[in-house]
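Participant: Quick one: sequence plus predicted model below, questions after.
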Amino acid sequence: MVYIRAMRKVLLPVILFLLQACAPDPTEHGVLSRSEQDKVLDHGASLADAAFAALSSTLQQAMAEGGPEHAVDFCNKTAWSLLDSLSVVHGARIRRTSDRPRSLANSPDQHERERLDEVLKHLEAGMGAAYLPAEAFVLGDSIAYYKPILIASPLCLKCHGKAGETLDGDALRVIRERYPQDAATGYALGEFRGLWSIRWPR
Ligand code: HEC
């Protein structure tokens, strides 16, 4: 009996230590281990980059063909189907969201809202938008990946800039027609515009 009790005294801390050492390294991002976190961030970034490349090349083509007015119309019809087909190809749900959405369909869900609030807090505290990190979380049985989208070029301002300054007048007219609830104007170069929100099965 004494022997067993002594063993327990010695073994229990050892077992507890081993259990802790073997457990996935919990990070601030929930239960993703550090190595999984790295993989997930790489995968998310490659999906966001592919989606950005597809959207921006069609946008530039539409701008070249018929100016911002035509491009708004084009975006309105094409952005969704483009992201939808990319989602199917990559087995992930790829979308964009914002605290000031143009399209109501891009309004944040609950988790997206929490992430946006967190980003806004960082920005209010003085963090530069360019320093906002991409992040990944476990959400049920999925991975939720977020990457900040910035007003990265003067091109964005033609449709998201300040009325009477950088915002294109013709584009604004079509935007008002198509998106009566638009909240996505008034931006300056380099500002935070929204998040890529990408989810895939874990
Ligand atoms: C020709 C006009 C035009 C230009 C240029 C443009 N956008 Fe947009 N943007 C739109 C339209 C229209 C939507 C709504 C698309 C939809 O219906 O999903 C939109 C939606 C978005 C959204 C999704 C969230 C929301 O507000 O609905 C983000 C993020 C975004 N734009 C960022 C950018 C960035 C960054 C650039 C520059 C690289 C850019 N846009 C350039 C017209 C434009």
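Facilitator: Thanks, I have the structure now.

Participant: before we move on, what SS does residue 197 have?
Facilitator: strand (DSSP: H, G, I helix; E, B strand; the rest coil).

Participant: ok, now residue 38?
Facilitator: For residue 38, the assignment made with three-state DSSP gives helix.

Participant: which one is residue 109 nearest to, not counting chain neighbours?
Facilitator: residue 97 (7.9 Å; CB to CB, 6 or more residues apart in numbering). Every residue, glycine included, has its C-beta placed from N, CA and C.

Participant: Can you pull the phi/psi pair for that neighbour?
Facilitator: phi -140, psi 170 (degrees, to the nearest 10).

Participant: so how far is the ligand from it?
Facilitator: Look at residue 97 and the ligand: by CB to the nearest ligand atom, to the nearest Å, they are 6 Å apart.

Participant: now do residue 34
Facilitator: Residue 34 is 30 Å from the ligand, by CB to the nearest ligand atom.

Participant: And for that residue, the neighbour number?
Facilitator: Counted with other CB atoms under 10 Å, residues neighbouring residue 34 total 12.

Participant: Ramachandran angles for it?
Facilitator: phi -60, psi -40.

Participant: now residue 95
Facilitator: Dihedral angles (degrees, to the nearest 10) for residue 95: phi -150, psi 170.

Participant: Leaving out sequence neighbours, find the closest residue to it.
Facilitator: Spatial nearest neighbour of residue 95, excluding adjacent residues (CB to CB, 6+ apart): residue 197 at 5.4 Å.

Participant: Just give the number of residues close to the one you found.
Facilitator: Neighbour tally, residue 197, other CB under 10 Å: 24.

Participant: And for residue 119?
Facilitator: Residues lying near residue 119 (other CB under 10 Å) number 21.

Participant: Distance check, it against the ligand.
Facilitator: Counting by CB to the nearest ligand atom, the gap from residue 119 to the ligand is 13 Å.

Participant: Mind pulling up the pLDDT for that residue?
Facilitator: Residue 119 is assigned 98 on the pLDDT scale.

Participant: who are the neighbours in contact with it?
Facilitator: 132, 148, 192, 195 (CB atoms under 8 Å, 6 or more residues apart in numbering).

Participant: Tell me which residues of the helix or strand harbouring it come out buried.
Facilitator: According to DSSP states H and E, residue 119 maps onto helix 110-124. Going by neighbour count (16 or more other CB atoms under 10 Å), the buried part of helix 110-124 is 112, 115-116, 119, 122-123.

Participant: I am finished for the moment; much appreciated.
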